[in-house]
Structure formats: C-alpha cells, structure tokens
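no sequence on hand, only this structure:
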Ligand code: ATP
Ligand code: MG
C-alpha cells in the first residue's frame, strides 16, 4: 500500500482512454460531459491526485466542491483511498460543499471587510419568514411559511431580487404557493428583518455565498489573498450549479482558468431549487481552449440496464437532450429488466417485498437492494410490506412514515376521539384528519402537498383495513397502527434502502426496484399540469433516468392499476415506458403462483417438458409445429391496437404477442380455457375476456 513513492501507474492503470485524457490534460479548463456511471467522480479524483503527484499543485491549494454533504464525504473518502493506494497526500485536499467553503472563507474575511458588526448563521429561516409574512399581513400557516421559505431560497439561488421576483416566476412558469406580489413582499420583509437586527447581522445559507462573492469581488486585497491560497478548482455534478454558486466560483477564479468540471445535463433534477445545466453546457464557449472529454462507457450497469436507460432518455426534448449521450454498457450481461403491473398498491408492495426476499435468499446482500419512489409518502406501503416479510430496511432522505410530523399528529387526533360515536370508520378518520390538512383535493405548495399525500396514505390504509374487516372499530385500529409504528425498527445500516429518486442521485446498488410508475405519480400530476411537453415533465423523465441508472444488475419497474384493493383500475403505466418496455416482455403481470401448482408444464404437441418462458407461454415447444389461426391472430392484434389506443397504454400491457399467439393457437371457448393461458389472470379475464371470446367464437 503506502510505499512512500507515488505510483503514477496505479493512478492511470485502470482508466479508459478518455478518462485518462481528462486526467492527463494540462492545468487549465477541463470539462467532462458524461452520462451516469461512466466514471466522472472517479476521473476527477484521479485528476486531482495526478496534478498533486506531478507537482503542479500542492494538495492544500486544491478546492473540490460539490453540492451535498454526502457527495462531499464520498469525494473525501475516494481521495483518502487513492492517497493510501498511490502514496499521494490527497487527503489534504479540501473536498467540501459550496456552503461549507463559503462559510469558512467568510469567517476568515468578515472582520476585515465588515468590521465590528458580527454575524450569526440563521440555521432555519422559518421564524424570520413567519415574521416577514406577518408584517405583510399574510395569514400563513406552517406549510405556507415553509413554501415561502422555499420561494425565497429559489429566488436567492437564482440571483433574483424581490423586485424581479414576479417577472421571473412568470418567465420560469413556476408553481408558486400564493400570488407573486405577495411572495415578493414577504421576501423583501425577510431581507430587511435579517439586516436590521442591532449589533449582529443574520445570514442565511445563501447569504454566506453572496457575501463571500461580494468580499472577493469588492476588495482587491481579499481577492489577492484568497487566490494565493487556492489555485485549482474542481466541481462534481456541475449540472446542479445555481447562478449564485456560479457567481462564487467566478469570484474564486478571477481571471484564472484552472477549473475542472464534470456533469451530466440529463441528470438535472433540481431545477426547482434554481440549479441549471447551462453553465455546464456553455463551458467550452466560455473557455474555448478547454479540454472537453465525453465518456460513453458505462462501468456501473449491465448492458441490459444501460439499454433501458438509453431508451428512457432517448425521448427527451429540449436543450439538455441535445447533450444526450449514448451509453455503452461495459459489464457482463445480466438479467433483463422486468416490468410488472399489479392490481393495486398493496399488491405491488407485497410483490416487491417478495422479490426482495428472493434476491436476498439467492445471495444479494440487503444493503445492495433499493426501492425507489417518486414521493416520500409512497414509503408507507413498502415499510409495511417489508416489515411483514421480516426484511430490515432504512428510509433515506426522509423519515419513516410513522415518524412524520403529520402522521404523529394524526394518531394523536385519533386517540383523542377514540370514544367518538360513528357510522363509518373511514368517514370519521377523514373528518378527524381534515383539520390537519387532508382536504378533498391536494393543495398547492410543495410542503402542503407532501403533508396531504402522507395523510391521504393514512386514510387509504384505513380504507383497506375496513374493506377487509368491516367490523373494525377505532380503538382496535389505533392499537394496530401503534403496533405497526413500533414494529418498524430504527434505521438499520444493513437493510434494504427505501428512498425517493431525488435522494438516490450519485448512489448505486446491485438491485433496484422502481415502483409506483403510474402516470400521475411518474410523471407526477403537478408536472403534467404544466402540459405534456413542458419542461416540468422533462425533468420527471430525467428523474426516471437517474433511477434506472442506479442499478448495477437487477432492475424491476412496477406500477399499480388502482390505488386501493378493489378500487377502480383506472391507472395506466407511466408515459415514459411507452416504447421502452419491450413488446414481448414476459407478460407484465405479477407473479402468478397459482400456475406453479402441479406438474411442470408440458408441450401440447409433443408432450415434452417446457422450460423457456416463451415455450410455457405458447404451451408448446418453440420448435414444435404451430397450429395457429393466422387470421384470428391478425384480428386479435387489430383489437389489441384499438384497446391500447383507447386506454393510452402500450400494446403489451393489454396482451403480449405471445399471449395473443397462444389464444390464436388454443382457441379458448370459455373463461376457464382463457385463464389457463399464461399471461391471463383474473383481472385481464374480467377486462378483456368477453371481447377475446367473441373474436374466437366469430372464427369458429
Ligand atoms: P453518476 O453520474 O451516477 O454520478 P459517475 O459518472 O460519477 O456516475 P462513478 O461513480 O465515478 O460514475 O463510477 C461508476 C462505477 O463505475 C463505480 O463503481 C466506479 O468505480 C466504476 N468505474 C468507473 N470507471 C471505471 C473503469 N475505467 N474501470 C472499471 N470501473 C470503473
Ligand atoms: Mg458521480
């Protein structure tokens, strides 16, 4: 390991040609534009080590920045490991978030630029925003205050002043919690309240960046000292930079150009907080002499996963799509990604838990499995199903369902009314949850909507319980809810990860389940409200792309046709799966255990055992002669096309080609004969049985 002599070979040996080009590029601007899993993070850490080994820069003169504490920690640990491996002092490199860097610098420069007035970091802007709203005569509840705080953060990150706010939101077609004039007024009051405290200035996180930039921009001595100290800058996930962070970066650089950036415009998923890939995409315009490297080899995922990722992003539109990169999978082949539809969300969660269990039993460690969803409120069903299956899990980037504030409040409200007389338990629960935010329709505003989603999930859970046990009463229900809450053990590091797609960025697992992929959840309905071709919908597509590219080997995509068991099956799969899910995927249905009963399936022509999924589906060996009614097959295909167009779903969701072939070969005369065909379960029988039987009958 540490032999004292830096080993250049160990820094370059396991890189491909393009990665090596980025690592070896002379000091100066370098831009790595590359898709997920192509080794961007690996490349920049190697570049830093290489610059240090070559004596081009001292480790303490490098400033590597990224956007989240987790990503900064990941970068530090990779640098430390490299240092040990190659004997390079890379552990002395600063790898921090933009905010941490600015905070440290401001602490150092503040007395010189401001003088005696001290400053204090405003960890949470909640109370000041609440005061600002009050001063503007805005009646703001907790969620409104949080949403207002979110708007102020977006505006500041985008370098938008209160005066410019209204125009800017109109231009950005931004979803805002109240009218723009009111938000602008609150924003203005907020800024005044912060600066007008006697003695100390209150600075929020964005102020740290603003003041750092201003100190360097306005004071040549500060600029000089800073620029002597840091000479080389590196930014990971550069597509996430905000205009404010870019301003700080510009101040750091001055006239210099020693900057390496890496990013993937197709992974831009934080536009709503002000992040923009334009600085990444415009990099070579700003630095015409920059070394620009594109990486296309994906080292993370199997070719099967990579191919699906390529298909998901192929349909993207707009500027970021122009930078689309076609990934080429480098790993050995693996299983095909699977698609599964379920009658309802409870069945979906149970089905996923079952598959998770199978993976664990066949050797995949639980910590290498993730279930990813669009919004945190979706975690409940999975916490429940995994608990039931006895599988440990941890909820990342959000608390567990029963730890959410509104759910704790809801349980308290139910407890208080435990003796309340009622006709219908679901109705009573809805009445009690209404004051907490469970309105008829979901409200505007991100925080309010999150709260609503969680309460709606709780109400749905009650509906399900009552549907199964009509005699259920409130005390029993409460007891059971508390038991559920208690049975979910505190976070376990070795468990399956439950996370939102946003929280999964930059991470990787052997097996990934992307769940709830129904239109309205993915893309989410409020994005669809901007129009099917809107930028908001494009951001949702990129989010799905981020999800797909987290998987190394196993990838399962699923959705439910109804929310609650027995509910109307009115949902359809995500529009992003159109043309992405293969037409001949083994039928998109959940596991059909009933069929597993009895002897292995045999060929109806030669009576040999059937092994391949296609053969089982056709109920004959693929090599045995087909007795197919080709005209019927053509009619069935026409019928399927009509139905799929009416329902706006991909054709395979109605029936796969193999199922149609099996129908055209076996000519089922009644419902029993129809369900005997693999790919046709109770739901499809109910939905399409009469149509299909009528078509068959018309031919005989
Ligand atoms: P993301 O866009 O998701 O952040 P990334 O481009 O930063 O991905 P990395 O995390 O650096 O990708 O690399 C993805 C995986 O591929 C890691 O497990 C990394 O160790 C591996 N990898 C990268 N380059 C190579 C290579 N040349 N040979 C073998 N493995 C590699
Ligand atoms: Mg990365």
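Arrived safely, thanks for sending. All figures in this text were calculated on a predicted structure; none of them were measured in a lab. Residues are numbered from 1 along each chain as shown. Ligands and ions are numbered 1, 2, ... in the order given.

where's residue 250, which helix or strand?
Under the criterion of DSSP states H and E, residue 250 resides in helix 243-253.

if you average pLDDT over the helix or strand hosting residue 279, what comes out?
Assessed by DSSP H and E, residue 279 sits inside helix 278-281. Taken as a whole, helix 278-281 has a mean pLDDT of 94.

can you point out the buried residues in it?
279-281 (16 or more other Cβ atoms under 10 Å). From N, CA and C alone the C-beta is placed, and that goes for glycine too.

and it, how far out from the chain's middle?
22 Å (Cα atoms, centre = their mean, to the nearest Å).

elements contacting the helix holding residue 250?
helix 98-114, helix 142-157, helix 205-218, helix 220-229, strand 232-235 (3 or more Cβ pairs under 8 Å, 6 or more residues apart in numbering; DSSP states H and E).

to ligand 1, which of those lies closest?
strand 232-235 (12.6 Å; Cβ to the nearest ligand atom).

and residue 693, how far from ligand 2?
54 Å (Cβ to the ion, to the nearest Å).

who touches the one helix or strand that residue maps to?
Secondary structure assigned from DSSP H and E places residue 693 in helix 682-699. Identification of contacts with helix 682-699 by Cβ atoms under 8 Å, 6 or more residues apart in numbering yields 343, 561, 569, 589, 629, 631-632, 635-636, 639, 643, 654-655, 663, 667-671, 674-675.

and if we set it to 10 Å?
Helix 682-699 is contacted by residues 341-343, 561-562, 569, 587, 589-590, 594, 629, 631-632, 635-636, 638-640, 642-643, 647, 653-655, 659-660, 663-664, 666-675, 677, 680 when judged by Cβ atoms under 10 Å, 6 or more residues apart in numbering.

now find how far off-centre the longest strand along the chain is within its chain.
Across the chain, the longest stretch assigned as strand under DSSP state E is strand 551-562. From the chain centre to the centre of strand 551-562 is a distance of 13 Å (Cα atoms, centre = their mean).

who are the packing partners of it?
Applying 3 or more Cβ pairs under 10 Å, 6 or more residues apart in numbering; DSSP states H and E, one finds that strand 551-562 contacts helix 303-314, strand 338-344, helix 345-361, strand 369-373, strand 509-514, helix 535-548, helix 682-699.

close to ligand 2: what parts of the stretch 1-150 of the chain are there?
Residues of the stretch 1-150 of the chain found near ligand 2 (Cβ under 5 Å from the ion) are 40-41.

show me the shaky parts of the stretch 1-150 of the chain.
For the stretch 1-150 of the chain, the stretches flagged by pLDDT under 70 are 1-8.

quick one, strands of it?
Under the criterion DSSP state E, counting those that start in this stretch, strands of the stretch 1-150 of the chain are mapped to 30-34, 62-66, 94-97, 118-121.

winner for burial among the ones you listed?
strand 30-34 (a mean of 26; mean count of other Cβ atoms under 10 Å).

and that strand, what other elements does it pack with?
helix 17-24, helix 40-53, strand 259-263, helix 278-281, helix 283-286, strand 291-295.

swap the cut-off to 6 Å and go again
Contacts defined by 3 or more Cβ pairs under 6 Å, 6 or more residues apart in numbering; DSSP states H and E place strand 30-34 against helix 40-53, strand 259-263, strand 291-295.

nearest to ligand 1, of those?
Per Cβ to the nearest ligand atom, nearest to ligand 1 of those: helix 40-53, 3.4 Å.

domain ranges for the chain?
9-102+209-294, 123-203, 338-577, 598-700 (automatic domain parsing).

with distance to residue 689 added, can I get the buried residues of helix 278-281 in CSV?
Shown next, in CSV, are the buried residues of helix 278-281 (distance: Cβ to Cβ, whole Å):
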residue, distance to residue 689
279, 56
280, 53
281, 52
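
ok so, going back, out of the contacts of helix 682-699, who's near ligand 2?
By Cβ under 5 Å from the ion, no member of these lies near ligand 2.

can you name the residue of this protein nearest ligand 1?
Counting by Cβ to the nearest ligand atom, the chain gets nearest ligand 1 through residue 39, at 2.8 Å.

who's in contact with that residue?
Counting by Cβ atoms under 6 Å, 6 or more residues apart in numbering, residue 39 touches 19, 299.

angle of the helix holding residue 250 against strand 259-263?
For helix 243-253 against strand 259-263, the angle between stretch directions is 150 degrees (axes from the mean of the first three to the mean of the last three Cα atoms, to 10 degrees).

now helix 243-253: buried residues?
Within helix 243-253, the residues scored as buried using 16+ other Cβ under 10 Å are 243-249, 251-253.

let me know the closest of these to residue 509.
residue 245 (28.9 Å; Cβ to Cβ).

neighbours of residue 14, how many?
For residue 14, the neighbour count with other Cβ atoms under 10 Å is 13.

now swap in residue 136 and tell me
Residue 136 is flanked by 19 other residues according to other Cβ under 10 Å.

now swap in residue 87 and tell me
Neighbours around residue 87, by other Cβ under 10 Å: 17.

mind starting the numbering at 12 from now?
Shifting the count to begin at 12 puts that one at residue 98.

of the contacts of helix 693-710, just the buried ones, ChimeraX syntax please.
With 16+ other Cβ under 10 Å as the burial test, the buried ones among the contacts of helix 693-710 are selected in ChimeraX as follows:
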select :352,353,354,572,573,580,598,600,601,640,643,646,647,650,651,654,664,665,666,670,671,674,675,677,679,682,685,686,688,691
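
and stretch 160-177, which residues are buried?
The neighbour-count check on stretch 160-177 (16+ other Cβ under 10 Å) flags 160-171, 173, 176-177 as buried.

give me the beta-bridge partners of residue 406?
residue 509 (DSSP bridges).

helix/strand/coil for residue 188?
coil (DSSP: H, G, I helix; E, B strand; the rest coil).

if we can go back for a sec, got TSV for the buried residues of helix 289-292, with distance to ligand 1 too?
Formatted as TSV, the buried residues of helix 289-292 follow (distance: Cβ to the nearest ligand atom, whole Å):
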residue	distance to ligand 1
290	17
291	12
292	16
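
re earlier: can you give me the distance of the residue of the chain closest to ligand 1 to residue 57?
Applying Cβ to Cβ, to the nearest Å, the value for residue 50 to residue 57 is 9 Å.

now residue 42
Relative to residue 57, residue 42 is positioned 16 Å away (Cβ to Cβ).

again, but for residue 682
Distance of residue 682 to residue 57, computed by Cβ to Cβ: 63 Å.

hmm, residue 392 is touching residue 360, no?
Yes: with contacts defined as Cβ atoms under 6 Å, residue 392 counts as touching residue 360 at a distance of 3.9 Å.

give me the low-pLDDT residue ranges for the stretch 362-511 of the chain?
Applying pLDDT under 70 to the stretch 362-511 of the chain flags the ranges 408-411, 457, 498-505.

report the central residue of the chain.
For the chain, residue 512 is the residue whose C-alpha lies nearest the centre (Cα atoms, centre = their mean; 1.5 Å).

just the ones of the contacts of helix 693-710 in strands?
Among the contacts of helix 693-710, the ones falling in strands (DSSP E) are 352-354, 572-573.

what's around residue 297, how many residues?
Residue 297 has 13 neighbours, counted by other Cβ under 10 Å.

do the same with residue 438
10.

angles on the backbone of it, please.
phi -70, psi -40 (degrees, to the nearest 10).

kindly report the same for residue 309.
Here is the backbone geometry of residue 309 (degrees, to the nearest 10): phi -100, psi 120.

now do it, the pLDDT please.
Reported pLDDT for residue 309: 95.

surely it meets residue 342?
No: using Cβ under 6 Å, residue 309 makes no contact with residue 342, being 8.0 Å away.
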